[in-house]
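S.K.: quick one: sequence and predicted model below, then my questions.
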Amino acid sequence: MRRKKGVLIIIDGIDGSGKTTIVQGLAEYLRRKNKKVFDLKEYWKHSHSLPEPEKLYKYDIIISAEPTFSLVGGAIRNELIRENKRNYSALTTATAFSLDRLILYKRIIIPLLKKGKTIIQDRGLTTSLVYQPVQAEPLSLKKILSLEGNKLALRYRPDLLVITDTKPEVCIRRLSRRAEKKDHAIFEELSFQGKAYKRFKSRWFKELFRRKGSRLVHLDTGKTKQEVINNMILVYENFIKK
C-alpha cells in the first residue's frame, strides 16, 4: 500500500461528457476559497515541458491532465490518436500512454502527493482501461496493467474517482457543436463512445478501483453547466470532510 499525505482526484468519462467543465469549475471554486491553484494545462501551452516539482510546492491545488501536452504526451495528442489514417495499434497507443503517465507520476504526481498537495486530474489510467481494449485489435486488461506506468498509477490510485455520466448520443452532439475545440481524435465517434460508456459503467471497473481503496462517484453531467459544477463541488466537499 502506498504512503502519501496528499489527495488525488481523477475526473474521467467519455468524450464530450463535461470533464473539462468540471475541472475548471472546481478550480475556480477553490480559488474563491483562497487556495493557490497551479494549472499544468496552461503551463504546458506555453512551455511544452514539465516543471520541476519544487516550483509547485507553494501551491495548494495542482490541475493536471492526461495525456500531457509535452514530450510523449505531445506525440500522443498530435500523432497517435489523431485522425491521420496511420492506424496505430491499440498496444502502441497504450504503451505511449503508459510512458507519458510514468513520467508524469514520477516527475509531478508522486512528489506533490508526498508534500500533501491536492491534485485534480482530467483523465488517467482509467481512460486506458476503458479505451484501448476497444480501440482496434483485442487488448486485454492484464496486458494494459502490466505496463510500467500503469502499474505505478494503480499503486497511486485516485482517492476520489468521478466518472461523468452522459449518454453517448448527447456527448457526440456536444462535440459536433464545438468545432473550434475539436481534437480530431480517433475516438470521437458514436459507436466507440457507446462501448466506452458501457465500460465506465461496468461492474469490473467499479470493483477494480473500490478494491484499491478509491471512492467512486458517477456524476450526472446531462444537466446545466452550473448545476453540474455545483454538484461536483458538493461531491468534493463531502469527500474532504470524511
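M.R.: Great, that's in hand.
S.K.: roughly how far apart are Ile233 and Tyr29?
M.R.: From Ile233 across to Tyr29, the span is 5 Å (C-beta to C-beta, to the nearest Å). C-beta here means a position set from N, CA and C on the backbone, and glycine is covered the same way.
S.K.: kindly apply the preceding question to Leu40 instead.
M.R.: 18 Å.
S.K.: pull the contacting residues for the residue nearest the centre of the chain.
M.R.: Nearest to the geometric centre of the chain sits Arg123, at 0.9 Å (C-alpha atoms, centre = their mean). The contact partners of Arg123, by C-beta atoms under 8 Å, 6 or more residues apart in numbering, come to 10-12, 19, 65-67.
S.K.: name the helices or strands packed onto the lowest-mean-pLDDT helix or strand in the chain?
M.R.: Using mean pLDDT, DSSP states H and E, helix 40-47 stands out as the lowest-scoring helix or strand of the chain, at a mean of 90. If you count contacts as 3 or more C-beta pairs under 8 Å, 6 or more residues apart in numbering; DSSP states H and E, helix 40-47 packs onto strand 61-65.
S.K.: partners of the strand it packs on in the sheet?
M.R.: Applying DSSP bridges, strand 61-65 is found paired with strand 37-39 (parallel), strand 118-122 (parallel).
S.K.: quick one: which of the contacts of Arg123 is most hemmed in?
M.R.: In terms of neighbour count, Ile11 stands highest of those at 28 neighbours, by other C-beta atoms under 10 Å.
S.K.: which strand or helix spans it?
M.R.: Assessed by DSSP states H and E, Ile11 sits inside strand 7-12.
S.K.: using PDB, write out every CA atom in the longest helix anywhere in the chain.
M.R.: When the chain is parsed with DSSP state H, its longest helix is helix 225-241. Taking only C-alpha atoms (Å, rounded to 0.1, in the frame of the first residue of the first chain), the coordinates of helix 225-241 have been written out as PDB:
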ATOM      1  CA  LYS A 225     -23.300  23.700 -16.700                       C
ATOM      2  CA  GLN A 226     -23.800  25.400 -13.300                       C
ATOM      3  CA  GLU A 227     -25.800  22.500 -11.900                       C
ATOM      4  CA  VAL A 228     -23.000  20.100 -12.800                       C
ATOM      5  CA  ILE A 229     -20.400  22.300 -11.300                       C
ATOM      6  CA  ASN A 230     -22.400  22.800  -8.100                       C
ATOM      7  CA  ASN A 231     -22.900  19.000  -7.800                       C
ATOM      8  CA  MET A 232     -19.200  18.400  -8.300                       C
ATOM      9  CA  ILE A 233     -18.400  20.900  -5.500                       C
ATOM     10  CA  LEU A 234     -20.800  19.100  -3.200                       C
ATOM     11  CA  VAL A 235     -19.100  15.800  -4.000                       C
ATOM     12  CA  TYR A 236     -15.700  17.400  -3.300                       C
ATOM     13  CA  GLU A 237     -16.800  18.900   0.000                       C
ATOM     14  CA  ASN A 238     -18.400  15.700   1.200                       C
ATOM     15  CA  PHE A 239     -15.300  13.800   0.300                       C
ATOM     16  CA  ILE A 240     -12.900  16.200   2.000                       C
ATOM     17  CA  LYS A 241     -14.900  16.100   5.200                       C
END
